[in-house]
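Colleague: Test case, fold it:
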Amino acid sequence: MHVDLSAKGVELGAGLRRGVERRLSFALGRFAAKITRVAVHLSVLDHGRGSQSARCRVTLSGPGLRDLVAEESAPELSVAVVDRAVRRVARRLTRELDRRKNLRCRDFDAEAAERRCDCVCSARWR
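Modeller: Next up is the predicted model:
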């Protein structure tokens, strides 16, 4: 799993970089074999009159996966914003993989039962 970390309008210090990489490893570590690239883009937008907002965009890609994107924003940049975006994209990845597994098992037949299909749907038919 290759991690691309970029920032616009904010200094990407060592502490923030470590925090982001730690959050990614906690939330996505179990999917490391299915993910080839994780892109994290942090930005701080100036809305004028002294108001700013921080935004974190996380994009996952892998072989056979469509790009999964999650974005979070908050009044100020912190690891919590990154954590929310990473958790959201991890949930999307889990749902995507479950959908794929269920689609694969939808065409269940007796031959699959004999082969002892390891999917969830075959457990109902045993």
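
Colleague: residue nearest the centroid of the chain?
Modeller: For the chain, the residue nearest the mean C-alpha position is Val89 (3.2 Å; C-alpha atoms, centre = their mean).

Colleague: any idea where the helices of the protein begin and end?
Modeller: Ranges of helices within the chain are 14-28, 79-106, 110-114, 120-124, based on DSSP state H.

Colleague: can you list those in TSV and add mean pLDDT and distance to His2?
Modeller: The way it works is simple: take the backbone N, C-alpha and C, and place the C-beta from them, glycine included. As requested, the helices of the chain are exported to TSV (pLDDT from 0 to 100; distance: least, C-beta to C-beta, whole Å):
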stretch	mean pLDDT	distance to His2
helix 14-28	90	11
helix 79-106	84	15
helix 110-114	52	35
helix 120-124	50	31
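
Colleague: Of these, give the one that comes closest to Ser43.
Modeller: Minimum separation from Ser43 across those (C-beta to C-beta) falls at helix 79-106, 10.8 Å.

Colleague: for the closest one, packing partners?
Modeller: helix 14-28, strand 37-48, strand 51-61, strand 68-74, helix 120-124 (3 or more C-beta pairs under 8 Å, 6 or more residues apart in numbering; DSSP states H and E).

Colleague: just the ones you listed: most buried one?
Modeller: Most buried of the helices and strands packed on helix 79-106 by mean neighbour count (mean count of other C-beta atoms under 10 Å) is strand 51-61; its value is a mean of 18.
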